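below are the sequence and a predicted model; questions follow.
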Amino acid sequence: QVRLVESGGGLVRTGGSLRLSCATSGFALDFYAIGWFRQAPGKEHEVISCVSSLVSKDDMIYYADSVKGRFTISRDNASSTVNLLMRSLQPDDTAVYFCAAHSRFRLCAVANYDYRGQGTQVTVAS
């Protein structure tokens with residue numbers, strides 16, 4: 001059974017940090033690009049970061065302009081987990097954050113996923 005389970009969300013003050021984790025199982029993570037996207041109430045979903053698969057010949061990472069320099073995505077291959085370290089959080093970062101698996105890196109940028117998790121809430125208080 002394919003599973004992606006996000007954790008690490010919560011309430012934080014402006015300027016604070018959170019580390020989200022996406023624990024995966026049931027599929028060959030090495031062959032998938034993994035991305036994070038977020039959905040805020042009344043807003044379109046926003047793809048914020050993607051990392052290429054381990055079998056890709058190119059190591060690629062994407063960050064949306066809105067998070068560039070503040071967020072860092074990383075893969076922990078030993079634990080089949082993809083993490084998102086979020087620093088200097090702002091109220092505009094408040095959203096439900098989802099991780100997703102994509103068969104191609106280019107599909108991540110348009111949130112065309114094969115699998116996704118249920119999301120974790122991040123709330124940034126001003």
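Thanks, I have the structure now.

go through stretch 83-90 and flag the buried ones.
83-84, 86, 89 (16 or more other C-beta atoms under 10 Å). C-betas here are computed from N, CA, C, even on glycine.

just the ones of those residues in strands?
83-84, 86 (DSSP state E).

out of these, flag the one nearest to T94.
Closest approach between those and T94, by C-beta to C-beta: M86, at 11.5 Å.

strands of this structure, start to end?
Using DSSP E, strands in the chain cover 3-7, 10-13, 18-25, 33-39, 46-51, 61-63, 71-76, 81-86, 95-102, 115-116, 120-125.

mind giving me a markdown table with these and columns for mean pLDDT and distance to A109?
A markdown table is the format used below for those (pLDDT from 0 to 100; distance: least, C-beta to C-beta, whole Å):
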| stretch | mean pLDDT | distance to A109 |
| --- | --- | --- |
| strand 3-7 | 98 | 18 |
| strand 10-13 | 98 | 27 |
| strand 18-25 | 97 | 17 |
| strand 33-39 | 96 | 8 |
| strand 46-51 | 96 | 6 |
| strand 61-63 | 96 | 6 |
| strand 71-76 | 95 | 13 |
| strand 81-86 | 97 | 16 |
| strand 95-102 | 97 | 9 |
| strand 115-116 | 96 | 15 |
| strand 120-125 | 98 | 21 |
